[in-house]
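Student: Quick one, structure for this:
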Amino acid sequence: MGTVKPITIAVFAFLLLAGCEQRFDSFAETRAYLNELDEFQEAQLLKSEQISDKQEMSAYRRGSGILFVSIKKEEDEYVWESSDSDWDFAGDGDFSYELLTLDGVHVLFGKVLSEHEIESISLGGEPLHYDPDSQFFFAFSEEPFVVEEENVELTVFAPRKDPSEFTHTNAPFKPEFSGYKFTQKKIQDLRAGGKVMVTAKSKKGKSFTCNVSHELKEFKGKKFWGLETHFG
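Tutor: Numbers count the residues shown, from 1 in each chain. A predicted model of the protein is given here:
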């Protein structure tokens, strides 16, 4: 498990870009409108979550930042609000976080700063949404979040096993080759270190026949298990 070192951070003011003048007939119509705005065309949707039958929250990755959008039904119309995307996640701990309230919904969000490759992050045993590419994490709630050292947990990926420690019997194996799916008998033969004949297709769609074996290979100094082709 990752060591949690909460850090003290300043609370930054955020700008609400309220859609006060725009009112829509549904969640879908509101989303379609947002997708046409310049600030959202440059953004990547990370997650949308239905808070209730009257409210939807979404998280977007925009450049090096993260922003949140609320779409809410008010009587028979739908309105939206957005947070700013300019947040300063820095420090010497394993993560940095912020808390805000957007249109009545509490938002916990932040960034993993650990040098380790993180598989997941949780609060009080409940997993938070986590985007490994950007290392942003976030969660929505109708109740305030309580963030303390003992209730935040980072899960680190298990160290990658040295491929040399595997054998034909237990090495990672994908039972498919260029569109050809191996039968159970051929899988057994490959696991026994043998060769099997397959008829597969090239990237250009042309059929070809060859023998394949499952071997420990090396490329640019890195070892891995993969299928080796044998022609003739």
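Student: Could you use CA atoms for every contact and neighbour count after this?
Tutor: Will do.
Student: for the protein, what's the longest helix?
Tutor: In the chain, with assignment by DSSP state H, the single longest helix is helix 27-36.
Student: What residues of that one count as buried?
Tutor: Under the neighbour-count criterion of 16 or more other Cα atoms under 10 Å, helix 27-36 has 27, 30, 34 buried.
Student: what's in contact with it?
Tutor: 23, 24, 40, 41, 56, 71, 78, 79, 80 (Cα atoms under 8 Å, 6 or more residues apart in numbering).
Student: Let's see that helix as PDB, backbone CA atoms only.
Tutor: C-alpha atoms of helix 27-36 as PDB (Å, rounded to 0.1, in the frame of the first residue of the first chain):
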ATOM      1  CA  PHE A  27     -29.700  16.400 -19.900                       C
ATOM      2  CA  ALA A  28     -28.900  15.300 -23.500                       C
ATOM      3  CA  GLU A  29     -29.700  18.700 -25.000                       C
ATOM      4  CA  THR A  30     -27.600  20.400 -22.400                       C
ATOM      5  CA  ARG A  31     -24.700  18.100 -23.000                       C
ATOM      6  CA  ALA A  32     -24.900  18.700 -26.700                       C
ATOM      7  CA  TYR A  33     -24.700  22.400 -26.100                       C
ATOM      8  CA  LEU A  34     -21.700  22.100 -23.900                       C
ATOM      9  CA  ASN A  35     -19.900  19.900 -26.400                       C
ATOM     10  CA  GLU A  36     -20.100  22.800 -28.900                       C
END
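Student: Looking at the buried residues of helix 27-36, spot the one nearest residue 146.
Tutor: Closest to residue 146 out of these is residue 27 (30.0 Å), distances taken as Cα to Cα.
Student: Please report the distance of the closest one from residue 60.
Tutor: The spacing between residue 27 and residue 60, counted by Cα to Cα, to the nearest Å, is 16 Å.
Student: What mean pLDDT does the helix or strand hosting residue 225 get?
Tutor: According to DSSP states H and E, residue 225 maps onto strand 222-230. In this model, strand 222-230 carries a mean pLDDT of 88.
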